[in-house]
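Q: predicted structure and sequence below. I'll ask about it afterward.
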Amino acid sequence: AQSVTQLDSHVSVSEGTPVLLRCNYSSSYSPSLFWYVQHPNKGLQLLLKYTSAATLVKGINGFEAEFKKSETSFHLTKPSAHMSDAAEYFCVVTDTGRRALTFGSGTRLQVQP
Amino acid sequence: DTEVTQTPKHLVMGMTNKKSLKCEQHMGHRAMYWYKQKAKKPPELMFVYSYEKLSINESVPSRFSPECPNSSLLNLHLHALQPEDSALYLCASSQDRLAAGELFFGEGSRLTVL
């Protein structure tokens, strides 16, 4: 079985300050991990993916995430938040064996001017 | 072209109506998906098509009927829906089912059932 826990349902930061969105996972197999972003009234967009290559993964719009197997974590970070980053973020895990996708419950990022 | 196009963007229907949601992609992807998303919740998988054949039905009620006429098109036929079926319906595609985590989503069709 696999599961994803997004530790914060809501994160608020000021523009220009760092962003940290936390994700922990459990998986019976070697996992692939993804972060998706969803802006209001829009579909989801893939930000970045980890598929057992480099543990530090860079994505679009300045986001990156680090896969830490010992901590079963895949936290999303960005050095400096922009107003346009305000959105819902989903951490997703898939077992390469089963190819079943499990979404986390989501973290709403609010960026204050 | 890296887009998944969904129509209509908004749909209001009564419980006795029959309507359809449409999805189109021209990326040559061979897996296509329907997800349902309620407000402030993650998407929930409904159906998966792989090479135009239904490969996953997540125990979805028969009032939802998917169809994949060809490799670029995916439809969701709606009949006798309930108010609790009101949601954002998202279509997605991936290169194939092995790439199921790398999904390209449309903007969704927001359905309201009266």
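A: Yep, it's here.
Q: gap between the residue nearest the centre of chain B and B:Ala80?
A: Centroid-nearest residue in chain B: B:Trp34, 3.0 Å away (criterion: C-alpha atoms, centre = their mean). Noted for B:Trp34: a distance of 18 Å to B:Ala80, by C-beta to C-beta, to the nearest Å. (Each C-beta comes from the backbone N, C-alpha and C, glycine too.)
Q: ok, now A:Leu33?
A: 39 Å.
Q: between these two, who's got more neighbours?
A: Each of A:Leu33 and B:Ala80 has its neighbours counted (other C-beta atoms under 10 Å in any protein chain shown); A:Leu33 has more, 23 against 14.
Q: just confirm the more buried one is within a strand.
A: Yes. Residue state for A:Leu33 (DSSP: H, G, I helix; E, B strand; the rest coil) corresponds to a strand.
Q: now do the closest residue to B:Thr16 other than its chain neighbours, the pLDDT please.
A: Once flanking residues are discounted, B:Thr16 sits nearest to B:Ala80: 6.7 Å by C-beta to C-beta, 6 or more residues apart in numbering or on different chains. The model reports B:Ala80 with a pLDDT of 93.
Q: wait, B:Ala80 touches B:Gly14, no?
A: No. B:Ala80 is beyond contact range of B:Gly14, at 9.8 Å (criterion: C-beta atoms under 8 Å).
Q: leaving out chain neighbours, which residue sits closest to A:Asp85?
A: Nearest non-adjacent residue to A:Asp85 (C-beta to C-beta, 6+ apart): A:Val111, at 5.6 Å.
Q: any idea how far the one helix or strand the one you found maps to is from the middle of the chain?
A: For A:Val111, the host element (DSSP states H and E) is strand A:107-112. Distance of strand A:107-112 from the chain centroid (C-alpha atoms, centre = their mean, to the nearest Å) equals 13 Å.
Q: residues in chain A within reach of chain B, list them.
A: Applying C-beta under 8 Å from any C-beta of the partner chain, one finds that chain A approaches chain B through A:32, A:34, A:36, A:41-46, A:49, A:51, A:90, A:92, A:94, A:99-101, A:103-106.
Q: quick revisit: tell me the secondary structure for the residue nearest to the centre of chain B?
A: Once three-state DSSP is applied, B:Trp34 turns out strand.
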